[in-house]
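Trainee: model this:
(one chain, ligands or ions: 1)
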Amino acid sequence: MSVALAAVAALGLAACGSGNSSDSSGDASAGSTGAYTPKEGGAGGDVGVFTWWAEGSEKKGLDALVSEFEKQYPNDKFVNLAVAGGAGSNAKAKLASDLANGNPPGSFQGHAGAELTDYILADPPQIEPVNDVINALGGEKVFPKDLLDRLTVDGNIYSVPSNIHRANVVWANPKVLDKAGISETPKDIKGWIADMDKVKKSGVNTPLSIGGTWTQVQLFETVLMADLGAEKYAGLFDGSTKWDSEEVKTAVNDFKTLLTYTNKASDGDDWPDATNMVIDGKAAYNVMGDWAVAEFEAKGAKDGEDYVYFPVPGTDGVFDFLADSFTLPKGAPNPDGTKDWLMLVGSADGQKAFNLAKGSIPARTDVPADDFPKYQQSAMESFKSDTIASSIAHGAAAPLAWTDDISKATAKFYSTKDADGFLKDLTAAADKNVVK
Ligand code: BGC
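Mentor: Just a heads-up that it's a prediction; the model follows:
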């Protein structure tokens, strides 16, 4: 059984009782039925929050949360501990060492799903249950049960989700497509590759823009979803789909072909450079999570005129899911201040302010869709009706160590383009991380 599966097997939604006793101890048993009651104006003291939302539109999203926090909890002082680098590419190592050295922040950003289980199942555990905060926010009445399940281990909920992002989105420049004579959205990867040839013939050298390794892992996961379908893709993480199967071979070869249409990337290249290539007309397409839409809007680009979007060809009806959520680390310096932050992150006001600025959709189900622009309204619809698949690059599918092995294999493949070697590395990574 894989580590991810072991965690999932251990899942079971906490009995979100309707008790209303105040509990701020973070103790699992007490927290499972109580509901946290924040002090009027906040507990007071510093609340250091660790994220990788350090720049550009991501910083704007964080700023939107912080200004709500300052309004609702004026006694508390927000301390920004952000470490730059998309997808936590630099932040995660710093966080791991801070946690190992007994120097936890007030709260840190983590990905719902397998990645969070690393902190929960660590010995000793690195984060505390926050059932009391989730209960106070409304529990299952306001958060989708599927999402709460991904935050739960052994009946306890360990973080408060701020948002849901979709990762299998192609962002495209309509003028570039027009010039290449492309008027229809391709149905599968093969059709998409044929369109990339048309783009190249029209004089654009980079049909598809990419950034550093994590953006390539994300591109690869969407190709896996397209070529395997959502069910077999999910099987890659519970051992029921083999990493050396014919379908994965097809996906690796498709990924290899796609990489022949891209710019050259170095590992440290962050995502805004890749999305900017689309807006600037230097590339036709980029596959990026929908944090891209916030960047486009911040640049004044207009939906439908300067950019269009569609699911990665072959993944229509699949929602490549990831969610950011905030934790209460064990030994956090000011746990009541942290809980004020968590209450804000999980509140309807906090989620509206944050998600409007971030491009994501609220994790809560009671924030009116009408308040959001067109793209986000369409993402809300898809999230309701699509099959949900877990992102590898953004921690939903596999624990940190496995994701790390997949990232290393992808970086190696990017330089060698050795498909057989990549398949061997991916299979070895699965064997290493699947507990038989
Ligand atoms: C996070 C997003 C963030 C993106 C790029 C993802 O892992 O979940 O919130 O915008 O990385 O940094």
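
Trainee: quick check: Gly102 vs Val47, distance?
Mentor: Distance from Gly102 to Val47, counting by CB to CB, to the nearest Å: 19 Å. No exception for glycine: its C-beta is placed from N, CA and C like everyone else's.

Trainee: neighbour-wise, which of those two wins?
Mentor: When neighbours are counted by other CB atoms under 10 Å, Gly102 and Val47 differ, and Val47 comes out ahead with 29 against 8.

Trainee: just checking: what are the partner strands of the host helix or strand of that one?
Mentor: Val47 is part of strand 45-50, with elements assigned from DSSP states H and E. According to DSSP bridges, strand 45-50 has the following sheet partners: strand 76-80 (parallel), strand 107-111 (parallel).

Trainee: mean neighbour count, those strands: which tops it?
Mentor: Across these, averaging neighbours per residue (mean count of other CB atoms under 10 Å) puts strand 107-111 on top, at a mean of 27.

Trainee: hmm, who's touching that strand?
Mentor: Residues outside strand 107-111 that contact it (CB atoms under 8 Å, 6 or more residues apart in numbering): 47-53, 88, 91, 95, 116, 119, 127, 159, 322-329, 332, 338, 341-342, 391, 394-396.

Trainee: go again with 7 Å.
Mentor: 49-52, 95, 116, 119, 159, 322-329, 338, 341-342, 394-396 (CB atoms under 7 Å, 6 or more residues apart in numbering).

Trainee: alpha carbons only: can I get it in PDB?
Mentor: Presented in PDB, the C-alpha positions along strand 107-111 are these (Å, rounded to 0.1, in the frame of the first residue of the first chain):
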ATOM      1  CA  SER A 107       1.200  29.100  10.400                       C
ATOM      2  CA  PHE A 108       2.400  27.800   7.100                       C
ATOM      3  CA  GLN A 109       0.900  27.200   3.700                       C
ATOM      4  CA  GLY A 110       0.600  23.600   2.700                       C
ATOM      5  CA  HIS A 111      -1.100  21.600   0.000                       C
END
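
Trainee: Asn168 against Thr222, yeah?
Mentor: Yes. With contact defined as CB atoms under 7 Å, Asn168 reaches Thr222; the gap is 4.4 Å.

Trainee: which neighbours do these two share?
Mentor: Val312, Thr315, Asp320.

Trainee: can you check the pLDDT for the second one?
Mentor: Read that as Thr315. Per-residue confidence (pLDDT) for Thr315: 98.

Trainee: list phi and psi for it.
Mentor: Thr315 adopts backbone torsions of phi -120, psi 20, taken as degrees, to the nearest 10.

Trainee: the first one too?
Mentor: As for Val312, its main-chain torsions (degrees, to the nearest 10) stand at phi -50, psi 130.

Trainee: can I assume Leu258 is in contact with Pro207?
Mentor: No. Under the criterion of CB under 7 Å, Leu258 is not in contact with Pro207, lying 9.1 Å apart.

Trainee: number of residues surrounding Thr45?
Mentor: Rather than Thr, residue 45 is Gly. For Gly45, using other CB under 10 Å, the count is 16.

Trainee: surely it and Asn334 touch.
Mentor: Yes. Between Gly45 and Asn334 there is a contact at 4.4 Å, judged by CB under 7 Å.

Trainee: returning to what we had before: top of the shared contacts of Asn168 and Thr222 by number of neighbours, please.
Mentor: Of the shared contacts of Asn168 and Thr222, with other CB under 10 Å as the count, Asp320 tops at 31 neighbours.

Trainee: now do the phi/psi pair for that residue.
Mentor: According to degrees, to the nearest 10, Asp320 has phi -80, psi 100.

Trainee: these two touch, right, it and Phe220?
Mentor: No. At 11.6 Å, Asp320 does not count as touching Phe220 under the criterion of CB under 7 Å.

Trainee: could I get the CA-only coordinates of the host helix or strand of Val170 as PDB?
Mentor: In the assignment (DSSP H and E), Val170 maps to strand 169-172. The C-alpha coordinates for strand 169-172 follow below in PDB (Å, rounded to 0.1, in the frame of the first residue of the first chain):
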ATOM      1  CA  VAL A 169      -5.500  24.800 -17.900                       C
ATOM      2  CA  VAL A 170      -4.000  25.900 -21.300                       C
ATOM      3  CA  TRP A 171      -3.700  29.700 -21.500                       C
ATOM      4  CA  ALA A 172      -3.500  30.800 -25.100                       C
END
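
Trainee: after it, which helix or strand is next?
Mentor: Next element after strand 169-172 (DSSP H and E): helix 174-179.

Trainee: now whichever helix or strand comes after that next one: how far from the chain's centre is it?
Mentor: Where DSSP H and E defines the elements, the next helix or strand beyond helix 174-179 is helix 189-201. Using CA atoms, centre = their mean, to the nearest Å, the mean C-alpha position of helix 189-201 is found 28 Å from that of the whole chain.

Trainee: buried ones in helix 189-201, by neighbour count?
Mentor: Within helix 189-201, the residues that count as buried by 16 or more other CB atoms under 10 Å are Ile189, Trp192, Ile193, Asp195, Met196, Lys198, Val199, Lys200.
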